[in-house]
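*Asks:* Using only what follows, build the 3D model:
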Amino acid sequence: MGVSLVELWMPILLGGVLAWIASALIHMLLKYHNSDYRPLSNETEVAASIGRGAPRPGVHSIPYCVDMAKMGEPEMQAKFAAGPVAFVTVFPNGMPNMGKLVGQQILFFVIGCVLIAWCATLALPAGAEYLRVFGFIAPVAFLAFGWGVVPYSIWYGHAWSTTAKYLLDALIYALLVAGSFAWLWPAAAAVA
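*Replies:* Predicted coordinates:
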């Protein structure tokens, strides 16, 4: 007999909350992501220069080249050769709204757990053994929470060490979520 998404509300919430707690501990206690970012030696000058342009929040590229056909033009090739080549993310001025960001992070984990649960309902019956549930959920959760970071090293210049750390994070989240689902997986209905 199949399992409905509604029956998985407890492992969805528990898995999402445990993954969020793990994320908070990683970023506030272990802090191994602190080395993911480097300072500019001329930060004040760069900040003033960017500020004078008053860019809207978002991701900006230097040099800006939205059309791949322009990559063949000598002027564009000269800009890339002269450098710098960069992606710059601009946020609104002021301190980050931590309440909003924390809320979005919790939603990321809970919605991720809903999607993971949906996959599980398609593959696992009620009463599935702990290790079977754990063995299915762990790789699905790893893919949900981690694999999408790899293109940031391929296309956006993120250090591979940074990607490796985010993949380690995803593994931790996956194991916690898999344990939650395996522990709380619905039992098979008793036959009368």
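*Asks:* low pLDDT regions in the chain?
*Replies:* Within the chain, the ranges that satisfy pLDDT under 70 run 190-192.
*Asks:* Can you show me the strands along it?
*Replies:* All strands of the chain, identified by DSSP state E, fall at 58-62, 86-90.
*Asks:* Just send those back as TSV, with mean neighbour count and distance to Ile172 too.
*Replies:* Heads up, the C-betas are built off the backbone N, CA and C, glycines and all. TSV is the format used below for the strands of the chain (neighbours: other C-beta atoms under 10 Å; distance: least, C-beta to C-beta, whole Å):
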stretch	mean neighbour count	distance to Ile172
strand 58-62	12	28
strand 86-90	12	25
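*Asks:* Distance to Ile111 added to those strands, as a markdown table?
*Replies:* Listed next are those as a markdown table, based on distance: least, C-beta to C-beta, whole Å:
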| stretch | distance to Ile111 |
| --- | --- |
| strand 58-62 | 23 |
| strand 86-90 | 23 |
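*Asks:* Trp160: which of those is closest?
*Replies:* Closest of the strands of the chain to Trp160 is strand 86-90, at 16.4 Å (criterion: C-beta to C-beta).
*Asks:* contact partners of the closest one?
*Replies:* Here strand 86-90 makes contact (C-beta atoms under 8 Å, 6 or more residues apart in numbering) with Ile50, Pro55, Arg56, Pro57, Gly58, Val59, His60, Ser61, Ile62, Tyr156, Gly157.
*Asks:* Check these and tell me the two furthest apart.
*Replies:* Taking every pair in those and measuring C-beta to C-beta, the maximum separation is 21.8 Å, between Arg56 and Gly157.
*Asks:* ok, the two, which is more surrounded?
*Replies:* Comparing Arg56 with Gly157 by other C-beta atoms under 10 Å, the one with more neighbours is Gly157, at 10 against 7.
*Asks:* Got phi/psi on that one?
*Replies:* In terms of degrees, to the nearest 10, the main-chain angles of Gly157 are phi 80, psi 10.
*Asks:* All the helices of the protein, residue numbers only.
*Replies:* Applying DSSP state H to the chain gives helices spanning 9-25, 43-53, 74-82, 98-123, 130-145, 150-155, 160-184.
*Asks:* wait, which of these is closest to Tyr32?
*Replies:* Closest to Tyr32 of the helices of the chain is helix 160-184 (C-beta to C-beta; 6.1 Å).
*Asks:* For the closest one, which residues meet the burial criterion?
*Replies:* Across helix 160-184, burial judged by 16 or more other C-beta atoms under 10 Å covers 162-163, 165-167, 169-170, 172-182, 184.
*Asks:* go on, stretch 129-148?
*Replies:* Residues of stretch 129-148 classed as buried: Val133, Phe134, Phe136, Ile137, Ala138, Val140, Ala141, Phe142, Ala144, Phe145, Gly146 (neighbour count, 16+ other C-beta under 10 Å).
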